[in-house]
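A.B. asks: Could you look at this predicted model? Sequence included:
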Amino acid sequence: MGGAAGVVTSGPSEFRAMVDEFAEPIPALALGSRALILDVFPRAVEVVWAQQRTAGYGTGPKKMTEQFCWLAPYPKHVVFGFYYATELPDPEGILEGTGRLMRHVKIRRPEDLDRPALRELVTLASTHRVPPPLD
């Protein structure tokens, strides 16, 4: 699959190439995070920005207008970010950050992905400010 100016509308191989440079458990946590997004929103368009080491998810490739979340691997955790998190309910207080709109959850262990609050955030974010998927 292809894209413009270094943007790849990707699949598992592009994502895997991005996370494989990290030591375990980061690749497993990143793949688990990706699986959660695709479980909640199976028709998500995935865009991997290999040089930035991020992958975005939404109904199209545009970060702030068509995507609702992103993943970014780091040596000690995976950032599970949400573009409009400050506009979403977070009753369990799992979101971190101080940005005007964006917040994130740090995924440090597999149990972090099992939190119902995280799944609920993905579900809410996938319909907030994101155009519907094209058929």
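C.D. replies: Right, received. Where do you want to start?
A.B. asks: Tell me where the model's unsure across the protein.
C.D. replies: Regions of the chain meeting the criterion pLDDT under 70 cover residues 1-11, 134-135.
A.B. asks: and the longest helix for this protein?
C.D. replies: When the chain is scanned for its longest helix (criterion: DSSP state H), the result is helix 26-40.
A.B. asks: Counting by contacts, list what it packs against.
C.D. replies: Counting contacts by 3 or more C-beta pairs under 8 Å, 6 or more residues apart in numbering; DSSP states H and E, helix 26-40 packs against helix 12-19, strand 67-73, strand 78-82, strand 103-107, helix 116-125. In this view, the C-beta of every residue, glycine as well, is placed from N, C-alpha and C.
A.B. asks: Ok, which of the ones you listed comes nearest E92?
C.D. replies: helix 116-125 (4.1 Å; C-beta to C-beta).
A.B. asks: residues of that closest one that come out buried?
C.D. replies: Of all the residues in helix 116-125, those buried under the rule 16 or more other C-beta atoms under 10 Å are L118, E120, L121, V122, L124, A125.
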